[in-house]
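S.K.: Pasting a predicted model and its sequence here:
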Amino acid sequence: MNDINKSSRNNAFSRRTMLRTSGITITAGMLLAACTKKVSTGALPRIGESPTTTVLPEGLITDEVLLRTAMSVEYNAIDTYATVIEAKIFKAGTNNLLKRFSQDHESHAEALSGLIKELNGSPYKKANPNVTSLYINPALDLVTSSEDPTADALVLAHALETLAAQTYQAFVVMLLDPALRSAAMSIADQEARHTVVLAQAIRPGLAGLLPGTNEAGKPLIAAIPSAFGSLSTIPIAVGKPNESGNKTTLVLETPSLNSFIYDYID
Amino acid sequence: MNTPEQAELTEPKTSSRRRLFTTLLGGAAAAVPTLITSGVRAAGATTDTTVPEVQELTTTDYATTDTVPAKDATTDSMPMMMGGAPPMQSKTVSAGAIAPPLQPTAQDKEILNTALGVELAIRDLYADIVATGDLSDEELPVVLLIHSHHVAYAQSLGGLLGRAAINKRNDNTYAEYADKLKGSFKALVFELVTIENGATTRHIESLAMLEGLNGATLIASIISIESRHAASLASVIKKPLNAIIENKQSPIAIGA
């Protein structure tokens, strides 16, 4: 009996030992497997057919991209003024004013083109497609169908000039070269002056310089709207009034990540 | 020599040590296939195309223009800290770009103190006009509004400079214009247009030298409105269009 016990105790492959060994083996295996480096592909599983996708090129926001974007906004203004003049909304006096503003925008675009070339970039001589499709085209449609297209066209022009001025101010924090920040704000200086002329055309006189509200409590266009240059959205109410007497409100914003003219855009 | 009792006690120890080695070896051997399997599974996630029913969209399918390779650019979520500089403000920057500082540098402080001195001088000039009491009910709110803006500029510049702020008006600027600001409202405004245009030019030139982003953005936001001050005042006195929308004024406080 004692011998049997001894021999069974010395046998490493007894049932109990086998069970214990198996348990420890599985546990150790799982532990080691858990300690391996996790390889994540970031893949999302999908069942069924999926269309092939074209990956967008990587867009870096450089000084060149910012200047190209600013240049595109200048062309937005040039194109819009051309459309408004062609639509014969205004009489000769206001048309001449818009032509003068358009010439200023051409000068700005030319100046920006020079700066872009200095950075070995290629100037962008077209209007910003996103600004055109999101803001200008809908606004022009409303203006041309308005009961008072003259007033609405002035409001749109004021908003466009404000947008241009704000774009340069917004880019100051993103431009790496201080000299370019200065150049940008020297253009913004003139855009801001354009807004004053248009604001005075909408609300003339000393009262038109000051911020104010209409009877409904909505802010009026003012030549000096705030103490510091604003970077907020630009709401405009244009078009034929609805049953309640309210015009359609559009909200313009300065170009951002989805509307920058990256260097891969021709 | 061990007694039988001692041998009986030591035998299990020898046995358990052997078992332990066996167990470890067994565990390692058992882990090898597991590791191989997991490696194959990981590799299969990107290269295995033998299962047509299940296709995978990798994260690159959703790549946007915000995505930037880490080796040559930086993002907000990965602040670039070169030479102790603060994180970049822009979403992405080009390769090799050095982040500009946020706070004013020593040179910035000098430039901003000059701007502060100019704004304090302009504030005092407007205050003098108000103090004369010669303005009509229509004219006074305009002058008060622009005065309040220059107060705000001085306060903001002082706040940005903190203890480095000199908070002393530029006496040269004040002296240059104080005597000219007399007479009719039209005569006053004529001089105020010159002052506002000169201040705008001064700030635009300052911007080319400012390195810190906080100072640059503040000055930019001041330029946006000071140019409106100038154009508004010019339009009030019916200056020609060119004089309203063009600024050919030299900067004020030269050599300050």
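M.R.: That came through, no problem.
S.K.: Near chain B, which residues of the stretch 1-150 of chain A are found?
M.R.: Within reach of chain B by Cβ under 8 Å from any Cβ of the partner chain, the stretch 1-150 of chain A has these residues: A:6, A:9-10, A:12, A:17, A:20-21, A:24-30, A:32-33, A:36, A:39, A:41-50, A:53, A:55-62, A:97, A:100, A:104. Backbone N, C-alpha and C define where each C-beta goes, glycine included.
S.K.: Counting neighbours, what do you get for the residue in the stretch 101-250 of chain B positioned nearest to chain A?
M.R.: At 2.6 Å from chain A, residue B:224 is the closest residue in the stretch 101-250 of chain B, using Cβ to the nearest Cβ. Residue B:224: 27 surrounding residues under other Cβ atoms under 10 Å in any protein chain shown.
S.K.: With adjacent residues omitted, what lies nearest to it?
M.R.: Spatial nearest neighbour of residue B:224, chain neighbours left out: residue A:229 (2.6 Å); criterion: Cβ to Cβ, 6 or more residues apart in numbering or on different chains.
S.K.: Tell me where the stretch 151-266 of chain A has strands.
M.R.: A:234-238, A:248-252 (DSSP state E, counting those that start in this stretch).
S.K.: mind listing what's buried in stretch B:153-172?
M.R.: Going by neighbour count (16 or more other Cβ atoms under 10 Å in any protein chain shown), the buried part of stretch B:153-172 is B:153, B:154, B:156, B:157, B:158, B:160, B:161, B:165, B:166, B:169, B:170, B:172.
S.K.: what's downstream of the worst-scoring helix or strand of chain B on mean pLDDT, the next helix or strand?
M.R.: In chain B, the helix or strand scored least confidently by mean pLDDT, DSSP states H and E is strand B:54-57, which has a mean of 32. Next helix or strand after strand B:54-57 toward the C-terminus (DSSP states H and E): helix B:106-132.
S.K.: pretty sure residue A:124 contacts residue A:72?
M.R.: Yes - the criterion here is Cβ atoms under 8 Å, and residue A:124 meets it with residue A:72 at 5.3 Å.
S.K.: re earlier: measure the residue of the stretch 101-250 of chain B closest to chain A to residue A:168 for me?
M.R.: Going from residue B:224 to residue A:168 by Cβ to Cβ, to the nearest Å gives 9 Å.
S.K.: shared neighbours of these two, anything?
M.R.: Among the neighbours of residue B:224, those also in contact with residue A:168 (Cβ atoms under 8 Å, 6 or more residues apart in numbering or on different chains) are A:185, A:188.
S.K.: which residues does residue 121 contact?
M.R.: With no chain named, the answer covers chain A. A:64, A:67, A:68, A:263.
S.K.: Oops, wrong one, chain B.
M.R.: B:169, B:170, B:171, B:173, B:174, B:177, B:253.
S.K.: thinking again about what came up before, what touches both of residue A:124 and residue A:72?
M.R.: Common neighbours of residue A:124 and residue A:72 (Cβ under 8 Å, 6+ apart) are residue A:261.
S.K.: Mind naming the longest helix for chain A?
M.R.: helix A:92-118 (DSSP state H).
S.K.: quick revisit: just the ones of the residues of the stretch 1-150 of chain A next to chain B in helices?
M.R.: Those of the residues of the stretch 1-150 of chain A next to chain B lying in helices (DSSP H): A:6, A:9-10, A:17, A:20-21, A:24-30, A:32-33, A:97, A:100, A:104.
S.K.: and residue 215, how many neighbours?
M.R.: Let's take chain A. Neighbour count for residue A:215, taken as other Cβ under 10 Å: 5.
S.K.: To clarify, I was referring to chain B.
M.R.: Quick note: residue B:215 (other Cβ under 10 Å) scores 26 neighbours.
S.K.: Then the one 5 residues further on?
M.R.: Neighbouring residues of residue B:220 were enumerated by other Cβ under 10 Å; the total is 27.
S.K.: Apart from its neighbours in sequence, what residue is nearest it?
M.R.: residue A:172 (4.2 Å).
S.K.: Next: residue A:104.
M.R.: Residue A:104 sits nearest to residue A:190 (Cβ to Cβ, 6+ apart), 6.0 Å away.
S.K.: what do you get for residue A:99?
M.R.: Among residues not flanking residue A:99 along the chain, residue A:85 sits closest, at 6.9 Å (Cβ to Cβ, 6+ apart).
S.K.: Residue B:160: which element?
M.R.: Residue B:160 belongs to helix B:139-161, assigned by DSSP H and E.
S.K.: How about residue A:65?
M.R.: Judged by DSSP H and E, residue A:65 forms part of helix A:63-86.
S.K.: Show me what that helix packs onto, helices and strands only.
M.R.: helix A:92-118, helix A:129-131, helix A:137-144, helix A:149-172, helix A:178-202 (3 or more Cβ pairs under 8 Å, 6 or more residues apart in numbering or on different chains; DSSP states H and E).
S.K.: buried sites along the first one?
M.R.: By neighbour count on 16+ other Cβ under 10 Å, the buried set for helix A:92-118 is A:94-95, A:97-98, A:101-102, A:104-105, A:108-109, A:111-113, A:115-116.
S.K.: do stretch A:228-239 as well
M.R.: A:228, A:229, A:230, A:231, A:234, A:236, A:238, A:239.
S.K.: Quickly list what residue A:47 is bridged to.
M.R.: residue B:54 (DSSP bridges).
S.K.: okay, now residue A:80: neighbour count?
M.R.: Neighbour count of residue A:80, defined by other Cβ under 10 Å: 26.
S.K.: which non-adjacent residue is nearest it?
M.R.: Once flanking residues are discounted, residue A:80 sits nearest to residue A:136: 5.5 Å by Cβ to Cβ, 6+ apart.
S.K.: which ones are touching the one you found?
M.R.: So residue A:136 contacts A:76, A:79, A:80, A:127, A:160 (Cβ under 8 Å, 6+ apart).
S.K.: how about a cut-off of 10 Å?
M.R.: Residues in contact with residue A:136 (Cβ atoms under 10 Å, 6 or more residues apart in numbering or on different chains) are A:76-77, A:79-80, A:83, A:127-128, A:156, A:159-160, A:163, A:250, A:252.
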